[in-house]
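K.L.:
Sharing a model that was predicted from the sequence below.
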Amino acid sequence: MKDDLLQTYLETLSNELAKRGLRQGRIEEEVREHLVDSIEAGCRRGLPRDVSVREALDRFGSPEMVAARFAAERHRILRRVMLSAAVLLGIAIAWVDSRPTWDDTGVTAFSMLLSGVVFGLIRPERPWQWALGIGIWICLHQILHHPTLGSLAGSLVILAFPMAGAYLGAFCRRAFSKTRRAGTP
């Protein structure tokens, strides 16, 4: 019974991790090690093994909660990497746009729109972050070099391109996901 309870817990955790798209191997092994250590500590304190197993599982938390924590951590790291990439791309676009020989606003606007679409497709959560990461740099450059009310208004227009792209990409990704889920039995 004692090992059956642990095995059932780990199988349920594996299923919960799979639902969240996480590779189970490393996480399962890590959880198993923590639980075995906790069970052994309980046995050393004089608890019967089955009581020690139940205590370790209760303290560790439900498989759903554990899987959710691992998924949240993974998404947080991925979101930071993506935001860094959006910022770097936005700085690169702003740098090219600020060159004295560059005079092609249409290409700049299209590159911000397309960049927003790509980031929105990759990660549809919080598209406004991708848009700001991409577009804020040209806005800041514009405001710092031409501090007028017109440059402030122009900055809002500039932000519209990556914002529209990011929301369009997020919308397409969500629509595609819904269509794919609806077609799956």
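P.N.:
Yes, it's here. Numbering: from 1, shown residues only.
K.L.:
In three-state terms, label L22 for me.
P.N.:
Assigned by DSSP: H, G, I helix; E, B strand; the rest coil, the conformation of L22 is coil.
K.L.:
any idea how far it is from H146?
P.N.:
Distance, L22 to H146, by C-beta to C-beta, to the nearest Å: 48 Å. Placement of C-beta: from N, CA and C, glycine included.
K.L.:
Name the residue in these two with the higher neighbour count.
P.N.:
Shown here are L22 and H146; by other C-beta atoms under 10 Å, L22 has more neighbours (18 against 12).
K.L.:
thought the more buried one was touching A71?
P.N.:
Yes - with contact defined as C-beta atoms under 8 Å, L22 reaches A71; the gap is 6.1 Å.
K.L.:
okay, Q24: pLDDT?
P.N.:
Confidence at Q24, expressed as pLDDT, is 64.
K.L.:
Next: S98.
P.N.:
So S98 comes in at 86 (pLDDT).
K.L.:
Check the gap between the nearest residue to it once chain neighbours are set aside and S62 for me.
P.N.:
In space, and not counting its chain neighbours, S98 is closest to H141: 5.6 Å by C-beta to C-beta, 6 or more residues apart in numbering. According to C-beta to C-beta, H141 stands 50 Å off from S62.
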